[in-house]
Structures are given as structure tokens and as C-alpha cells.
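Student: I would like to see how this sequence folds:
(2 chains)
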Amino acid sequence: QKEVEQDPGPLSVPEGAIVSLNCTYSNSAFQYFMWYRQYSRKGPELLMYTYSSGNKEDGRFTAQVDKSSKYISLFIRDSQPSDSATYLCAMSASFGGYQKVTFGTGTKLQVIP
Amino acid sequence: GAVVSQHPSRVICKSGTSVKIECRSLDFQATTMFWYRQFPKQSLMLMATSNEGSKATYEQGVEKDKFLINHASLTLSTLTVTSAHPEDSSFYICSARGPPRGPGNTIYFGEGSWLTVV
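Tutor: Numbers count the residues shown, from 1 in each chain, chains lettered A, B, ... in the order given. From the prediction side, this is the model:
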């Protein structure tokens, strides 16, 4: 079993839809959760970061963490064609010094105008 | 915010030659940098962790002698692909742990380097 599971998609939605992207994980030591967006042929770009359980909102993006279920989500409201990219979840047990970050395989999102 | 620069963005080399890729943290000191490899339509694969002033820590299955990593300063790590072969053609991405004042001391990525070995 992989430490982090993420549906690879692709996920196609019409412009303006609410998008839900999810990851599950098995390592209960994970406390820091990140979402990255990667456009084709580019390096990943940090979108959201959360610590432990709870919600965090930034503009059209909301990140949720449910540690009891080992489940994290990224919601995109009013999706735009420019949101079309691959979204990677990432998580680690702690920060500082060397700490391995484990990535999901990424979900490819396509927002259709 | 924290910026990580990677150079070159694209490189084509002949089989058997060596190629060096640089990763720089532009506005912060990064004691730890990471090197990844990504094949088309696949996720990031961690190759090694580069610690300033010490030997890199390689992931299982990654050849240390083939992928030489040097982290000589707090802002620069280099990956050298030695005796490159066509199967080494891939997208190589570096990342650095951000400054403590940043959002949770998280990971920032470079733009990536496309290596094509012909």
C-alpha cells in the first residue's frame, strides 16, 4: 500500500464548477499537508499548506484535513480554464532539517470553457 | 515569496557525456535541497536529499555514482548526470525547504530541467 493515494484522473469539469480533489494516506505521523499545482512541463507550485486537521481558505481554494480519516481535500470554487493542471498533494511528519515529503501521484484537472 | 531557480531549463547531450544541473535558492538559505525525477504522466520520484556541507542521502535504487550531488553552499546544489544514456532522459526537478519565516517552512520547487540524451 502506498503511503499516499491520489486518483490520477483525468477530471474534466465545466468552467464555473466546484472541483474536489482528494488524497488519502496511511501514515498517522503526517501532520503537514500541502497542495501543489503543476502545469505541463513546469515545476510544481505551492498552492496551499495546512497543519494538522481543519480548513484553510485562500481565495477560490479551500484545503481540508481530516486526520481521523486520514483524508485531505482541495476544493476549487468557480473553476477557470487556467486552473487546468495537475494537482499534487504532499505531506510530511514534521518540518525543519531533513524531513522527507511524500507526494501523491497527482490528479490531472481539465476545466472546459 | 521563496524562489528556487533551476538551470538549464532544457539540455540536450550526447550519450556518454555528463550534464550538470544547478539549483539555487534565490532569497533564502536552504540547508536542505531535494532532487526529483519525473517521467511523463507520472509523479515526482525523490532521488536524493542534499544537505549543505555533507554527503547527499540517496533513495533506494538511485545510483550514487551516476547522479552526483553537490551542495557546496547554502544557496546552491548541483546534480551531475554522469555518462548519460537515453534512458536518463527525463524531467529533473529540485526543491528547497523554505525559510522558517515562510508558510510552515515548506517546500518550494524550481522550474525543472528537461534532459534529453541522444
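Student: what about stretch B:70-79, distance to the chain center?
Tutor: 10 Å (C-alpha atoms, centre = their mean, to the nearest Å).
Student: what average pLDDT does it get?
Tutor: Per-residue pLDDT over stretch B:70-79 has a mean of 91.
Student: which residues are in contact with it?
Tutor: With contact meaning C-beta atoms under 8 Å, 6 or more residues apart in numbering or on different chains, stretch B:70-79 is reached by B:20-26, B:29-31, B:33, B:35, B:47, B:50-54, B:56, B:67-69, B:80, B:92, B:94, B:96. C-betas here are computed from N, CA, C, even on glycine.
Student: from those, which ones fall inside strands?
Tutor: B:20-25, B:33, B:35, B:47, B:50-51, B:67-69, B:80, B:92, B:94, B:96 (DSSP state E).
Student: also near chain A: which of those, exactly?
Tutor: B:N51 (C-beta under 8 Å from any C-beta of the partner chain).
Student: which of the ones in strands among the contacts of stretch B:70-79 are buried?
Tutor: B:21-25, B:33, B:35, B:47, B:50-51, B:67-69, B:92, B:94, B:96 (16 or more other C-beta atoms under 10 Å in any protein chain shown).
Student: just checking, what packs against the lowest-mean-pLDDT helix or strand in chain B?
Tutor: The weakest-scoring helix or strand in chain B, judged by mean pLDDT, DSSP states H and E, is strand B:107-109 (a mean of 84). In terms of contacts (3 or more C-beta pairs under 8 Å, 6 or more residues apart in numbering or on different chains; DSSP states H and E), strand B:107-109 is packed against strand A:45-51, strand B:90-97.
Student: next, count neighbours for the nearest residue to A:S53 once chain neighbours are set aside.
Tutor: Nearest residue to A:S53 in three dimensions, chain neighbours excluded: A:K67, at 4.6 Å (C-beta to C-beta, 6 or more residues apart in numbering or on different chains). By other C-beta atoms under 10 Å in any protein chain shown, the residues close to A:K67 number 15.
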